[in-house]
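Peer 1: Quick one, structure for this:
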Amino acid sequence: MKIVVAGAGEVGFHIAEHLIKEGKDVVLIEKDADKAKHASLHLDCLVVHGETTNLEILKQAGIQKADAFISATDYDEVNMITCFIVNSEYSVPVKIARVHNMEYSKTRLVGHRYSCIDYIVNPEIEAAKTIAHTVQHGATSDIFLFDNSDIQLRDIFIDEDSFFCGKSMKNIKQELREDFIIAGVMRDNDVIVPTGETVLQSQDHIYIIATIRTFMQILRKTGTPHKKLRTVIVLGGGKIGRYVTEFLIKMGKHVKLVDRDYDLCKKLASDFPDILVLNGDISDESLFEDEGLSKADAIVTTTKNEELNILAAIYGKSKGIKRSVALVNKTNYINISDNLGIDSTVSPKLSSVNAILKYIRRGNVKNVYKIFDGKAEVSEFTVNIGAPVDQKALKDIKLPSGSLILAVSRSGENIIPDGNFVLHGGDSAITFCIKDTADSLQKFFSDK
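Peer 2: The predicted model follows:
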């Protein structure tokens, strides 16, 4: 699959990096000489230096043979114009634009039969949605949701005091007596597809899939009972902080918004008259005491400074706040956050990649979530009638190595299946796979 990506900034670079890891034929276009040089040195793909709106540059990138085009520069208008040019001059099946101003999504340029943009992706909104969903479901860990389903995917970091530490998969199932699957284990930077005999160790990172009800039972039995989070502190009044605040207010949360910028706080207070907007430093002892911030149920840190987000999340919990969610992009920071006591981290770049992968694969793909630093993924497929897995028992399906069917939704029923379970056309199947098998796995659920 050939994909042309315009823009080698933070988002475009990250998108290209993930697509290359999947084995896609990626070409990157970048007008800035330094960014183009950086990309060519660090990515295994062709990098074309030039304007994305230039027809000759697009030809050099091989746009005429592309299966998908992603315009991910820092400028909405450039992204939309480039998609318009690509749409008018070439028959590229999928055109995706990164767009900050969501007013553009309401125009006929997007998502209509004759429009020039098939899908738009807003990294800030994608990240804010993820944060809001995480808070809504208790913020005990990273949480991924699936379409019209009570099934969730959650990650758990295992330390020496964890219920899971030193126990085999078989023993864990026997002790908990609940329907769930441990999809994968990250140990020493390697992904393991566990068996019943796999013993979990301290510093392992696991992903569990189960229904919401089952997760409530698992959390209770393992000593981390679910608690509704009613009062939430949002640190940072930038784009993501604003979106998070909007989503949390709609969810009925009591929000306190904190930012250092006085003028920004005045505007935020005007835009959100029903919440408390505080101008100050989150690390200021008097701010915590005077405003009773330590009584909050959760703190969400959304500034542009990742180090500040991590430190503020840690500080908030040290002052008595029960749960913390930090906005972090650097992989190294994400990996150490569990050891620092941060309950959940959200990456705008990774949220965007997940959305884009869903759009690129199209067809019967409903959701795609990259996990374990992109070394594995969990996907949701519609089982097409006549697909290779249709009318087959799971024990008779020979999926690619390192792949599993984790859960199935059928007519409103959510099922953690065993080997005798038979898939039917119309089912939604949630799968786990290592990165190299993603494309071949989709074929099992598509028409013959």
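
Peer 1: In three-state terms, label S202 for me.
Peer 2: coil (DSSP: H, G, I helix; E, B strand; the rest coil).

Peer 1: ok, it to K256 distance?
Peer 2: 36 Å (CB to CB, to the nearest Å). Using the backbone N, CA and C atoms, a C-beta is placed for each residue, glycine as well.

Peer 1: other SSEs contacting the helix or strand bottoming out on mean pLDDT in the chain?
Peer 2: Within the chain, no helix or strand scores below helix 331-337, which has a mean of 79 by mean pLDDT, DSSP states H and E. Packing partners of helix 331-337 (3 or more CB pairs under 8 Å, 6 or more residues apart in numbering; DSSP states H and E): helix 306-318, strand 344-346.

Peer 1: who does the next helix or strand after the first one pair up with?
Peer 2: Think helix 306-318. Heading C-terminal from helix 306-318, the first helix or strand you meet, by DSSP states H and E, is strand 323-327. Here strand 323-327 has these sheet partners by DSSP bridges: strand 298-301 (parallel), strand 344-346 (parallel).

Peer 1: tell me the mean pLDDT over stretch 104-111?
Peer 2: Here stretch 104-111 scores 59 as its mean pLDDT.

Peer 1: ok, now stretch 433-446?
Peer 2: 84.

Peer 1: And stretch 61-74, by the same measure?
Peer 2: 95.

Peer 1: Show residues contacting that stretch.
Peer 2: For stretch 61-74, contacts defined as CB atoms under 8 Å, 6 or more residues apart in numbering pick out 1-7, 9, 11-12, 15, 27, 29, 46, 48, 52, 78-80, 82-83, 86, 90, 92-98, 121, 356, 360.

Peer 1: If we use 7 Å, what do you get?
Peer 2: With CB atoms under 7 Å, 6 or more residues apart in numbering as the test, stretch 61-74 has contacts from 1-7, 9, 11-12, 15, 27, 29, 48, 52, 79, 82-83, 86, 90, 92-98, 356, 360.

Peer 1: Check which residues of it are buried.
Peer 2: Using 16 or more other CB atoms under 10 Å as the test for burial, stretch 61-74 gives A61, I63, A66, A68, F69, I70, S71, A72, T73.

Peer 1: Stretch 352-365 too?
Peer 2: Buried, per 16+ other CB under 10 Å, within stretch 352-365: S352, V353, N354, A355, I356, L357, K358, Y359, I360, R361, N364, V365.

Peer 1: Can you pick out the ones from these that are in strands?
Peer 2: V365 (DSSP state E).

Peer 1: pLDDT and distance to D34 added to the buried residues of stretch 352-365, as TSV?
Peer 2: Formatted as TSV, the buried residues of stretch 352-365 follow (pLDDT from 0 to 100; distance: CB to CB, whole Å):
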residue	pLDDT	distance to D34
S352	85	23
V353	84	23
N354	85	28
A355	86	28
I356	87	25
L357	84	28
K358	84	32
Y359	88	29
I360	86	28
R361	79	33
N364	86	41
V365	87	36
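
Peer 1: Tell me which two of the buried residues of stretch 352-365 sit farthest apart.
Peer 2: Greatest spatial distance among the buried residues of stretch 352-365 (CB to CB): S352 and N364, at 22.0 Å.

Peer 1: Report the residue ranges of every domain in the chain.
Peer 2: Per the record, the chain has its domains at 2-121, 127-135+229-350, 140-221, 383-443, by automatic domain parsing.

Peer 1: Export those domains as a markdown table, with columns for distance to F372.
Peer 2: Shown next, in a markdown table, are the domains of the chain (distance: least, CB to CB, whole Å):
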| stretch | distance to F372 |
| --- | --- |
| domain 2-121 | 12 |
| domain 127-135+229-350 | 10 |
| domain 140-221 | 5 |
| domain 383-443 | 9 |
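
Peer 1: between those, which gets nearest to E377?
Peer 2: Here domain 383-443 is closest among these (CB to CB), at 5.9 Å.

Peer 1: Would you mind measuring the gap between the ends of the closest one?
Peer 2: 10 Å (CA to CA, to the nearest Å).

Peer 1: So what's the gap between it and the chain middle?
Peer 2: How far domain 383-443 lies from its chain's middle: 22 Å, per CA atoms, centre = their mean, to the nearest Å.

Peer 1: okay, now A36: neighbour count?
Peer 2: If you count neighbours by other CB atoms under 10 Å, A36 ends up with 18.

Peer 1: can you pull the contacts of it?
Peer 2: A8, E30, V47, H49.

Peer 1: Quick one: these as CSV, columns for pLDDT, distance to D161 and neighbour count too.
Peer 2: Compiled in CSV, these are given as follows (pLDDT from 0 to 100; distance: CB to CB, whole Å; neighbours: other CB atoms under 10 Å):
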residue, pLDDT, distance to D161, neighbour count
A8, 94, 44, 28
E30, 97, 47, 27
V47, 97, 47, 22
H49, 97, 53, 18
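
Peer 1: Looking at these, which one is closest to S286?
Peer 2: Distance to S286, by CB to CB, is smallest for A8 among those, at 44.5 Å.

Peer 1: So that closest one sits against E30, correct?
Peer 2: Yes: under the contact definition of CB atoms under 7 Å, A8 touches E30, with a separation of 3.7 Å.
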